[in-house]
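Undergrad: pasting the sequence and the predicted coordinates here, then a few questions.
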Amino acid sequence: MLGPNLTAAARRKTRQVRVGSVLVGADAPISVQSMTTTKTSDVDGTLQQIYALAGAGADIVRCTCNREEAAEGLARIVPRSPVPIIADIHNNHRMALAALDAGVHGLRLNPGNITDPDKIKEVAAAARDRGVSIRIGVNAGSLDSRLYQKYGGATPEALVESARVELAYFEEVGFADVKISVKASYVPLMIEAYRLLADTTDHPLHLGVTEAGPGVAGLIKGTAGIATLLAEGIGDTIRYSLTADPVEDLIACPSCGRAEIDVIAVANAAMAAFGEQEIPLQVAVMGCVVNGPGEARDADLGIAAGRRKGHLFIKGRNVAVIPEDEMVHALVHYAERLLVEGADAVLASSDLEGARKAAEADRAALLDEKGADANASETAVELIRRHLRDGEA
Ligand code: SF4
């Protein structure tokens, strides 16, 4: 979340929408979104990236949902994600319906890609019934060709009209939980389109510059567009390509059906224990040893619970096993050791094989106890398959 000192002008008044646990618009802090680059069907790889993005400051993460395997991946990812997940829909409205079956917290639709009003309304009605918000994501590069011709190009007016046409379809089915973006890679066009949009709607706006490019140049280009608008009081959530570099904060898993401890309580106790200390490490508190060390593989230091024990890990490698009630103390102790000795020295002095075997034994026992589908993800996968089959029939 971004702090309040961003706007030179008063922040534009908007209605508020929800993306899972994150509120967007009105008086909510400006949230930061980013996007995974993995195949969404790669559940472990995608979760690893989501954790890294959350650690780098993302409040919401978007994943592509372009095919059935991706929708099935979402059914397995959503319960284990530390932040709300938005499904990015391309050309197939049935992927939007499948993503809703998977339990996503939001959808992104591009009006230039799905143009059939009946399909648009079907998705909006399904999102309405599930209480899931949608972003209307207009993109200058894929503007509806009819609007392109009408305006003689991707002008600010054309981008705004594209959003308004889509919104009108949503309103026909009584759906208004909508954020809007009108992105372009040409920054002056993007700025003008958002200014025009801000004058014509009270829906929250998602800011971003498309194809900003890599490295510092991309960062500056994105910032030029986003910061200009934020300073004018326009914008409620922003998209940034975040790097997964370690930052100071602490991430906690969402404690799904596998959780062995009260993750939030342990995370809060750890925050209190770290207190005012400057700890430039990414620290993770994970609810179970079944998936915790893998999901938070990029964290400098983490602890995962299992059968009344805490399994400490450094960069995904198990280094020690401690009693559950000493987890917080151990996190602080190992954080201090990492800062003084460095990761290589701590790893070298640890019984890595013993820690790995203990973690593996508790992992196997937990899989035995709770089964392989503690989150009932496979039920959602079955639903996705059935609905997609029905749609084809
Ligand atoms: S409880 Fe385990 S599987 Fe569930 S989100 Fe936490 S670490 Fe992941």
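TA: Great, that's in hand.

Undergrad: the helices in the stretch 201-350 of the chain, which residues?
TA: Along the stretch 201-350 of the chain, the stretches classed as helices by DSSP state H, counting those that start in this stretch are 215-231, 263-274, 292-295, 327-341, 343-348.

Undergrad: how much space between residue 368 and the ligand?
TA: 15 Å (Cβ to the nearest ligand atom, to the nearest Å). Yep, even glycine has a C-beta here, placed from its N, CA and C like the rest.

Undergrad: which SSE is that residue in?
TA: Using DSSP states H and E, the element containing residue 368 is helix 352-370.

Undergrad: ok, and what's touching that helix?
TA: Residues from elsewhere that reach helix 352-370 (Cβ atoms under 8 Å, 6 or more residues apart in numbering): 257-258, 260, 288-290, 293, 304, 306-307, 309, 311-313, 317-321.

Undergrad: returning to what we had before: just name the most buried of the helices of the stretch 201-350 of the chain.
TA: helix 292-295 (a mean of 25; mean count of other Cβ atoms under 10 Å).

Undergrad: tell me which residues touch the residue in the stretch 1-150 of the chain positioned nearest to the ligand, please.
TA: Of all residues in the stretch 1-150 of the chain, residue 80 sits closest to the ligand, at 4.0 Å by Cβ to the nearest ligand atom. Counting by Cβ under 8 Å, 6+ apart, residue 80 makes contact with 47, 253, 254, 256, 291, 295, 375.

Undergrad: what about the fifth one, how many residues nearby?
TA: Read that as residue 291. Using other Cβ atoms under 10 Å, residue 291 has 21 other residues around it.

Undergrad: my guess is it meets residue 258, correct?
TA: Yes: judged on Cβ atoms under 8 Å, residue 291 makes contact with residue 258 at a distance of 6.9 Å.

Undergrad: so which of the helices of the stretch 201-350 of the chain is nearest the ligand?
TA: Checked against Cβ to the nearest ligand atom, the stretch from those lying closest is helix 292-295, at 3.8 Å.

Undergrad: dump the helices of the stretch 201-350 of the chain into a markdown table; add distance to residue 32 and mean pLDDT as well.
TA: Listed next are these as a markdown table, based on distance: least, Cβ to Cβ, whole Å; pLDDT from 0 to 100:
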| stretch | distance to residue 32 | mean pLDDT |
| --- | --- | --- |
| helix 215-231 | 10 | 87 |
| helix 263-274 | 20 | 87 |
| helix 292-295 | 20 | 90 |
| helix 327-341 | 25 | 92 |
| helix 343-348 | 28 | 95 |
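
Undergrad: let me have those helices in CSV, extended by distance to the ligand.
TA: Below are the helices of the stretch 201-350 of the chain laid out as CSV (distance: least, Cβ to the nearest ligand atom, whole Å):
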stretch, distance to the ligand
helix 215-231, 31
helix 263-274, 7
helix 292-295, 4
helix 327-341, 14
helix 343-348, 22
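
Undergrad: tell me the centre residue of the chain?
TA: In the chain, the centroid-proximal residue (Cα atoms, centre = their mean) is residue 61; its distance is 1.7 Å.

Undergrad: on that earlier part again, just the buried members of the contacts of helix 352-370?
TA: Using 16 or more other Cβ atoms under 10 Å as the burial test, these include 258, 260, 288-290, 293, 304, 306-307, 309, 311-313, 317-321 as buried.

Undergrad: ok, what's across the strand from the nearest residue to residue 110 once chain neighbours are set aside?
TA: With Cβ to Cβ, 6 or more residues apart in numbering as the criterion, residue 110 has its nearest non-adjacent residue at 5.1 Å, and that residue is residue 137. Beta-bridge partners recorded for residue 137 (DSSP bridges): residue 181.

Undergrad: dump the least confident helix or strand in the chain by mean pLDDT to CSV, restricted to CA.
TA: Least confident helix or strand of the chain, by mean pLDDT, DSSP states H and E, is strand 249-252 with a mean of 85. Only the C-alpha atoms of strand 249-252 are listed here, as CSV (Å, rounded to 0.1, in the frame of the first residue of the first chain):
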residue,chain,number,x,y,z
ASP,A,249,9.2,-6.8,5.7
LEU,A,250,7.6,-9.8,6.8
ILE,A,251,5.4,-12.0,4.8
ALA,A,252,2.9,-14.5,6.2
